[in-house]
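> Could you look at this predicted model? Sequence included:
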Amino acid sequence: MSPVPRMPRSVPTIMSTSISPPPTQSPAEPHVLDNAVWAALTGPHAHFAERVGRAARYPLDVCPFTALADPADPAAWDDLAELVGPDTVTAVTGARAVPDGWEIVERGRGVQLVDTGLRAEPAPEAVRLGLDDIPEILDLVALTKPGPFLPRTVELGAYLGIRHRGRLIAMAGERVHPPGWTEISAVCTHPAHRGQGLATRLVRAVAAGIRERGEIPFLHALAGNTTAISLYESIGFTLRRRTNFLLVRTPGRLPAPTP
């Protein structure tokens, strides 16, 4: 992974838009986006959650993310080991280190951006994508590599696509859904059709659906993907924070139960 680039500006922890303010939250409390996957799996996406105590994950064919109630709590890591099983590789969001016995397989750095001025509007040419479109979606994802997309990821929210002569050439949709916020993800365009603004139109269209629910769009990008970050900033997203994600391997044996 590329190192996190130094961004030219910083923003307050809690952002707002001209459309709607973020949910009320005490300044002393962690922001819901600081642990977005946990907030989603214990909130709007609870019906997807596979959970043991202070650890939760999406089904393996929906989304690869696992989350901890508090990454600094060793007991939460014990719960995660029980949830995913021994000697298993899993993606953990929000953690910077692992307890003894765990292995960091890969370390990634990213950025989190929030909508502070996006012009959200429908895209008349966009169509709603569903399970019948999965083969085409997976082909486009394999070609463009926007991030993980699994056979049931489309169930997480609204995914929109643009077709050319019947062929899917661009898409974007909703992924992680903490209270009051929805992540825009899987933004991609076929290489032969780039430079036409298709990704921007789809981001605006997905954001329009999120705004209609009274929620605020946000998204993530790899820290090294400065082209995407610059595009998102140019259309109305603002850097909120830098993020860490780990690909970790659980211990070979589960920890003994706490008496």
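Thanks, I have it.

> So what's the residue count around the nearest residue to residue 159 once chain neighbours are set aside?
Residue nearest to residue 159 in three dimensions, not counting chain neighbours: residue 173, with 3.1 Å by C-beta to C-beta, 6 or more residues apart in numbering. The way it works is simple: take the backbone N, C-alpha and C, and place the C-beta from them, glycine included. The number of residues packed around residue 173, counting by other C-beta atoms under 10 Å, is 25.

> next one: residue 98
By the other C-beta under 10 Å criterion, the neighbourhood of residue 98 contains 18 residues.

> Can you pull the phi/psi pair for it?
Dihedral angles phi and psi of residue 98 (degrees, to the nearest 10) take the values phi -130, psi 160.

> Then residue 193?
For residue 193, the backbone dihedrals (degrees, to the nearest 10) come out as phi -120, psi 20.

> what's the answer for the one 10 residues further on, then?
Main-chain torsions, residue 203, degrees, to the nearest 10: phi -60, psi -40.

> domains of this structure?
With automatic domain parsing as the criterion, the domains of the chain are listed as 32-110+244-249, 114-240.

> CA atoms only for the strand or helix carrying residue 231, dumped as PDB, please.
Residue 231 belongs to helix 226-234 when assigned by DSSP states H and E. Coordinates of each C-alpha in helix 226-234 appear next as PDB, following Å, rounded to 0.1, in the frame of the first residue of the first chain:
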ATOM      1  CA  THR A 226      -5.000  10.600  -5.300                       C
ATOM      2  CA  THR A 227      -6.800  10.800  -8.600                       C
ATOM      3  CA  ALA A 228     -10.000   9.600  -7.100                       C
ATOM      4  CA  ILE A 229      -9.600  11.700  -4.000                       C
ATOM      5  CA  SER A 230      -9.100  14.800  -6.100                       C
ATOM      6  CA  LEU A 231     -12.200  14.000  -8.100                       C
ATOM      7  CA  TYR A 232     -14.400  13.500  -5.000                       C
ATOM      8  CA  GLU A 233     -13.100  16.700  -3.500                       C
ATOM      9  CA  SER A 234     -13.800  18.600  -6.700                       C
END
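
> ok, then the element right after it?
With DSSP H and E, the next secondary element past helix 226-234 is strand 237-249.

> re the thing from before, show the contacting residues for the residue nearest to residue 159.
For residue 173, the contacting residues are 129, 154, 156, 157, 158, 159, 160, 184, 185, 186, 206, by C-beta atoms under 8 Å, 6 or more residues apart in numbering.

> Same question for residue 252.
Neighbouring residues of residue 252 by C-beta under 8 Å, 6+ apart: 86, 87.

> Please repeat the previous calculation with a cut-off of 10 Å.
Residues touching residue 252, when contacts are defined by C-beta atoms under 10 Å, 6 or more residues apart in numbering, comprise 86, 87, 88, 101, 103.
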